[in-house]
Every structure is written in structure tokens, then in C-alpha cells.
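**Q** Next come a sequence and a model predicted from it.
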Amino acid sequence: MQQQEHHRANYGAMSKQHLPEEDDVGYVIGAEYSSPIKLSPELSLAPTEDSHEQSDSPILTKRNSSTADARLAMASNYSAAYNTFNISLALALMRSSHPPHTSSDITSCSSAVIAGMIVGQLIGGLLGDWLGRHIAMSVVMCVQVISALMSAFSGTLFLTHINNDASIYTELACWRFFLGFGCGGVYPLSATITAESSSQKGNRPRLLAKMFSMQGVAYLAVPLIAYVLVLMFGDGSDLAWRLLLGMGSLPGLILIVTRLYRRRNSLQSSNIETETIKQQKTRHGRLQPTSMLESIRNEDKLGHKLVGTAGCWLLFDILFYGNALFQPKVLQSAFGQSETEIDLIRDAILIGLMALPGYLISIYMVGRQSPRRIQLQGFLCMAVLYAYIGYNFDSLNKYALLGLYGASFFFSNYGPNTTTFMLPSITFSRPIRSTLNGICAASGKIGALLGAVLFLPLATWVGDAQVILLCACVSIVGAMLTFFFTNDAFEDDQEAIDNSTEGWKRLSSEAHLMELRQQEECYPRRMSKELSMPTFLDLPIELKYVVLKS
């Protein structure tokens, strides 16, 4: 009896000492615990008669499932895409009720969101590794909700006593910058959360493709919603563009309310006291900036990876946003001049319908082809199409021009548009994945600014055909970077876990596992709880064998 009590006391002290540290699966991405994680039947240990006894230490159980994380990432990505795309139609609807005084009024509103996205991608990615994925996502989504609502009320709250229509555009541009910050922060966080929501490496690209396809849904939803609003309130209605902008806050509001509701229920039903959770979070702090810098310095082939991810993203966004400047010419050649707001919305719906199949095909093909191969063939197909359009630009009829332009749009979405978003989250190691993902996304938006600023002056200077030929050259460079600087292999997640925090090193050490094995005969129930923690599922197979062999 004395020996059993001695074992019982030793095991209780050991359980308290070796609680799981905060990691990328748990607290680092904001995943509180409230429901048990169970081993598979062949690995689980049967409970004994003392299963009713209370444990000496709180047993952590996991709340955030992979399905919940995938839904969170999809909804946040839809919200970011909707708030990014809706400004072009909102500005078109504003012209009747609030005519712009200068062209800079329109330009400032369009460019402010891109500038905000660059800042948001860098800061949001850093917060994802420092504060945790889910906490950082909550921050950027709150910024996004507030900014979307304030954009809808531009000119009514702060400028009521200023009789100057141009001031509405100034205020709108300010709120669009903050909205871009929130939208930009979603990019690295949603990709990282999705990539880490699945324990099967081969399933991650498909999950990322599904999540990113919400951008195509938002691209089509914006003109459809605008069409309904114009039909309801008529052309030139001040309410139509305000509702179009304000509806960008709905996905974020739904996510915030749902998260608060689930958090309250999980805390009420959990056996873990709130004070215990706070103590664990305080004791096992987040990754500090110095540790992230150390992880960045220790990242294997960092420059090689950044060229393949950030470089390809930059080149593609130069093509994607620069190519958008030619949309009006292509649509005008096919359907004539757009004279009314309904005509502009019709054109936007057509572009959305042309874009959506590429996203859907990428979901189907990602599981059958690697992201690297899809990106490579996408760049090559775009190069061929741009070269053909450029050489025959003046001789193509309107139907051929529209078809070729739609084909280039298809291969950009089923190709670099999806894979440049996907590759950073499966290329970099976990402790710095969100930060480097944000750097790659920011480089893409820098490319978008370059394309928007340079393509129109170049088209005026050398002609449209030559600019499209330049797009073909940029596509070839993107294919070369993809071929030489990306690979099909996934980052070794176990190595990232072992290098993330000292707590994980101690918990997954062989000495601790051998000590647990010695207690197995006396206390199988507590062994089952200890081995049911997330760390055991992530251990190398050799260490699992050491524990389960006897």
C-alpha cells in the first residue's frame, strides 16, 4: 500500500510538471480545450475500476476540430475577398449621388485598400506566430468588421457639417486603409490555420484549395448583391452603395458571435477552471520575437524558399492586377460601351463567372497533382495565351478575344492564383509559418501595386499588344522560378514541433515516456489520459513503440 501511495504521489507531481506546453496545435493558435481527444481502439488503454477518481492535475481536452478551423478560414477568406472586390462597384454607384471632384478621389479609395493589405499581411502574420493563430484572427476580423461598417457610414458620422462631396471620398479612403489591414491579416492566418487543421500532409493542399475558392465565390457574390440592390433602390441610390459596403461586415460579425457563444459554452461545460487556464497561458508564454528571429535564422534554405514563394507571388500579382486593366477593353469589344450601372454590374458578373471554374477545377486537381506542377503549368499556359493575344491583338474578332482572355483568366485561377496562396503555408516550418506567409502575401500585393501603376502608362507609351507580350515574358519568368525554387515536399512538421518550445522537447523526450511506461500497470487510467494528449499523436513512431511495446 505504501508503495502504491508513493507511485500515486509521484505520478501526480509528474503530471503537473509535464503538462503540454503551448504549441501550434493548441494555445499558440488559440485553441482552448473542452472535449476529449481519444486514441484509436488499438492504441487506447482500457480504464480500470478507479476511473471515477479525480485526477491530480487538470486534463486538457481539445475544442477546435479540423472542421471548425476549416469553416473559420473559409468564412474569413470570403469576408476578406468580398471587402476587397466591392469597392469598384461601390465607387461606380457613388458617382451619381456623390460626383468625384478629381480622379484622385477614385484612385485614393482603390489604392488605400491595397496599401492597408500590405501592412496587415506583415503584422497579421507576425501576430499569428506571436499571439497565436486564432487570437490574431480575432483581432484582424474585428478591425475588418468595424472598418466595413464605418465605410458604409462615410460622410454621415464625422463629416455632417462639411458640405463637400470630395470629403466623403477622403473619409472612405481612410476607412478602406484600415479595412485593407483587416483583409490583409486574413491571408497568412487563414492559410496557416487551414494547413495546420489536418494531420494528413497530403490532404492539406486540397483543404487550402477549398478555402481559397471562397475568393471566387466572393468575386461572384459582389456583383450579384449589387444587382439586387440596384433593382431594389434604383440607379443613383445613396443607400445601394452603402449597403454593398456594409454587408462586408456580416461574415465577421457571424464569426465573432459564434466564437463568443462557443467559448462561453466550452468554459461552462469544461472541468478546467478559468484560473488554471490563465496560469498555464502565463507560465508557458507565447513565442517571443527573439525566438521567432532565431527560428527564421535557423530556417533551412530560407532564401531559396522565399524566392520560390514570395517571388512567384509578386510576379503573378503583377500579371493579375495589371491584366485587369484590359478587362474594360475586352468587354467593350464584346458587348459595347457600358453606359448604365446595370451594364457595369453585368460585366462584373460575367468576369465572376469566368473566374469561378478555375477555382473549382483547382480543388479537383490539387489532390491529383502537386501544387508545384499546377503552378508551373498555369504559368506556361498563361505565357502561351498572352503571346498569342499579343501577336494577334489587332486581328482578333471580339469572340476570339473574349475566349482567349477568359482562358487566361481560367489558368490564372487554376494555377498561380491558388498555388501562390497555398505554397507558403506548406513550405515553411511551423514556428514561423505565419510570419513568412505574411511576407510572401505582402510581396504579392507589392506586385499588384506595380502592375496597377506601370501597365497603363506602358500601354499608352508602347501599345496594348506590347504590354500583353510583356505579360507573356513575366509568365515565363514565373515558370522558371517555380521550376527551380519550389518543390513537392512538405515541411517536416515533427521537426518544427521539436524545435518550437522547450516544453514540447521535454514532454516528447524519451526519458519522460519511459517514466510513464513504468506507471502503466498501477495507473492505466491516468496513462490513458496522458497519452491521449495531442503530443502523443505527434510523436515519431519510434517513441510510440517505446511506450506501447510493453
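**A** Here it is on my side, so go on.
**Q** Just the buried residues of the helix or strand in which residue 178 is found, please?
**A** Per DSSP states H and E, residue 178 falls inside helix 165-196. Buried residues in helix 165-196, counted by 16 or more other Cβ atoms under 10 Å: 165, 167-196. From N, CA and C alone the C-beta is placed, and that goes for glycine too.
**Q** avg pLDDT for it?
**A** When pLDDT is averaged over helix 165-196, the result is 90.
**Q** just checking, next helix/strand downstream of that helix?
**A** helix 204-212.
**Q** about what we covered before: taking helix 204-212 as reference, get the angle to the helix holding residue 178.
**A** 160 degrees (axes from the mean of the first three to the mean of the last three Cα atoms, to 10 degrees).
**Q** so where's the stretch 451-550 of the chain shaky on pLDDT?
**A** 489-550 (pLDDT under 70).
**Q** Repeat that for the chain.
**A** 1-65, 157-166, 199-202, 264-291, 322, 325-326, 334, 338-339, 489-550.
**Q** ranges for the strands of it?
**A** When assigned using DSSP state E, the chain turns out to have no strands.
**Q** What distance do you get for the closest residue to residue 450 other than its chain neighbours to residue 416?
**A** Using Cβ to Cβ, 6 or more residues apart in numbering and skipping the chain neighbours, the partner closest in space to residue 450 is residue 318 (5.4 Å). Counting by Cβ to Cβ, to the nearest Å, the gap from residue 318 to residue 416 is 11 Å.
**Q** Against residue 208, how distant is the closest residue to residue 203 other than its chain neighbours?
**A** Spatial nearest neighbour of residue 203, excluding adjacent residues (Cβ to Cβ, 6+ apart): residue 367 at 7.9 Å. Distance, residue 367 to residue 208, using Cβ to Cβ: 11 Å.
**Q** ok, now residue 462?
**A** 38 Å.
**Q** Neighbour count: those two, which is higher?
**A** residue 208 (29 against 12; other Cβ atoms under 10 Å).
**Q** Quick check: closest non-adjacent residue to the more buried one.
**A** In space, residue 208 is closest to residue 422, 4.4 Å off (Cβ to Cβ, 6+ apart).
**Q** neighbours of the one you found, just the number please.
**A** Around residue 422 there are 27 residues (other Cβ under 10 Å).
**Q** hang on, isn't it packed against residue 209?
**A** Yes - with contact defined as Cβ atoms under 8 Å, residue 422 reaches residue 209; the gap is 6.8 Å.
**Q** hey, what's in contact with both of those two?
**A** residue 366 (Cβ atoms under 8 Å, 6 or more residues apart in numbering).
**Q** List the contacts of residue 317.
**A** Contacts of residue 317 by Cβ under 8 Å, 6+ apart are 444, 445, 446, 447, 448, 451.
**Q** ah, wrong one, I meant residue 96
**A** 235, 236, 341.
**Q** Can you give me the neighbour number for the closest residue in space to the last one that isn't next to it in sequence?
**A** With Cβ to Cβ, 6+ apart as the measure, residue 235 is the residue that lies nearest to residue 341, at 5.1 Å, once sequence neighbours are left out. The local packing of residue 235 (other Cβ under 10 Å) involves 12 other residues.
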